[in-house]
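In: Fold the following, please.
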Amino acid sequence: MDTSEKLEILQIIDPSAYVAPNAVIEGNVTIGPESVISYGAVLIADGGTITVGRNTIIMENSVIRSSNYNDCIVGNNVMVGPHCHLSGCHIEDEVFIATGVSVFNGAYVKSLSELRINSIVHVGTYMDEGTTLPIGWIAVGNPAQCFPPDKHEEIWRLQKTLNFPKNVFGISRPNNSTDSLIKQMTDKYSSFILTKRS
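Out: Numbers count the residues shown, from 1 in each chain. From the prediction side, this is the model:
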């Protein structure tokens, strides 16, 4: 999408859902029946859409995001604990996401899985049905391989092939630009956000 293009905003919040008074809902967001968006939660659809299913709980201070490249779908009967970060991922029904979990763009978590405290599901990672990711562990790849946090070299060997800059910002690595990768990402994202809000 051209960043100069204005987005049509469509929010659908079922009347039986509860959205706390200080929660932030921005962009194309759908919240299903009897779901709860608790205090301080932030749902920001930046270029894509966010869909929250039925009877899903988004607890305090969690952040749910979509992007131009990845919608964010959170299914039915999902529990998202406090201080979680879900970005452009797909969470199927009946998944438990404990406090402090991060799930990144293009990741797919199948039903009946448990992501325990402070665990991480990396970009483009696919987790089979009923998978448990232990406290603080990291899932990487398709199919997911799970590692304790002290296995950085093994994690990076898989993670670098997942191409975070391309999947999240649409920037290839390496490319012909003389600017650093970080500069390219921040320039592109700030331009998009500022154009969207002007």
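
In: Check this structure for its longest strand and report it.
Out: Ranked by residue count under DSSP state E, the longest strand found in the chain is strand 42-52.

In: Check which helices and strands that one is in contact with.
Out: Judged by 3 or more CB pairs under 8 Å, 6 or more residues apart in numbering; DSSP states H and E, strand 42-52 is in contact with strand 24-31, strand 63-66, strand 72-74, helix 181-197. In short, each C-beta sits where N, CA and C put it, glycine included.

In: And that strand, what's buried?
Out: Residues 42-48, 50-52 are the ones in strand 42-52 that count as buried (16 or more other CB atoms under 10 Å).

In: now the helices for this structure?
Out: 152-159, 164, 181-197 (DSSP state H).

In: winner for burial among those?
Out: Highest mean neighbour count among those (mean count of other CB atoms under 10 Å): helix 164, with a mean of 19.

In: Which strands or helices does it pack on?
Out: Using 3+ CB pairs under 8 Å, 6+ apart: helix 164 touches no other helix or strand.

In: which residues are in contact with it?
Out: Outside of helix 164, the residues within contact range by CB atoms under 8 Å, 6 or more residues apart in numbering are 104-105, 123.

In: how about the helices of the chain, which one is nearest C84?
Out: In terms of CB to CB, the element of the helices of the chain nearest to C84 is helix 164, at 18.9 Å.
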